[in-house]
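K.L.:
mind looking at a prediction? Sequence and model below.
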Amino acid sequence: MFDDAPVHLYDRSDRKRGTRKRFSTDPTLPGKRFDSRKPVYVLTSKDTFSAAENFAYTLQQLGRATIVGEPTRGGNHGAFGKPVTPHLVAYVATISTINAVSKSDWGQGVKPDLAAPAADALDAALAESRKALSGRR
């Protein structure tokens, strides 16, 4: 999906530990590359959450994929739990992901480039890809 140069994807910031880690592609990994000029479509729904949202949002912000379907739920902030009573645990968000392009996150959910009900997202993506391949876009 990316060429030979490393691409900065996002940073993960952890307030509890006071750390920040940079995540980038690794062009040294062995194997055949998926040409960066090939179109990519990622299907989303209201059930798409957390790591799947990070994947969709990162590719969208890099201009590397067209997101098709429904807005996602917005699960960006990692948390740690602290027991308050034997039956109650308080979770405090301390980890956030900061996209390299937008300098923000998908906390409000990933908005699709091409909106469609989840049940119709594959058909919408196929129709869009056919248009793109035929040059009628």
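P.N.:
That came in fine, so what should we check first? Note that the structure is a prediction, hence the values are computed from the model and not measured. Residues are numbered from 1 along each chain as shown.

K.L.:
same for the longest helix anywhere in the chain, what does it pack against?
P.N.:
Longest helix of the chain, by residue count under DSSP state H: helix 121-134. Secondary-structure packing of helix 121-134 (3 or more C-beta pairs under 8 Å, 6 or more residues apart in numbering; DSSP states H and E): strand 41-44, strand 66-69, strand 114-115. C-betas here are computed from N, CA, C, even on glycine.

K.L.:
distance check, the residue lying closest to E128 once chain neighbours are set aside against T25.
P.N.:
In space, and not counting its chain neighbours, E128 is closest to L114: 5.9 Å by C-beta to C-beta, 6 or more residues apart in numbering. Distance from L114 to T25, counting by C-beta to C-beta, to the nearest Å: 25 Å.

K.L.:
what sits against Y57?
P.N.:
99, 105-106, 110 (C-beta atoms under 8 Å, 6 or more residues apart in numbering).

K.L.:
compare these and tell me which is most surrounded.
P.N.:
V110 (27 neighbours; other C-beta atoms under 10 Å).

K.L.:
so that one, which of the three states?
P.N.:
Secondary structure assignment for V110 (DSSP: H, G, I helix; E, B strand; the rest coil): coil.

K.L.:
now do stretch 90-98, average pLDDT.
P.N.:
The pLDDT scores in stretch 90-98 average 91.
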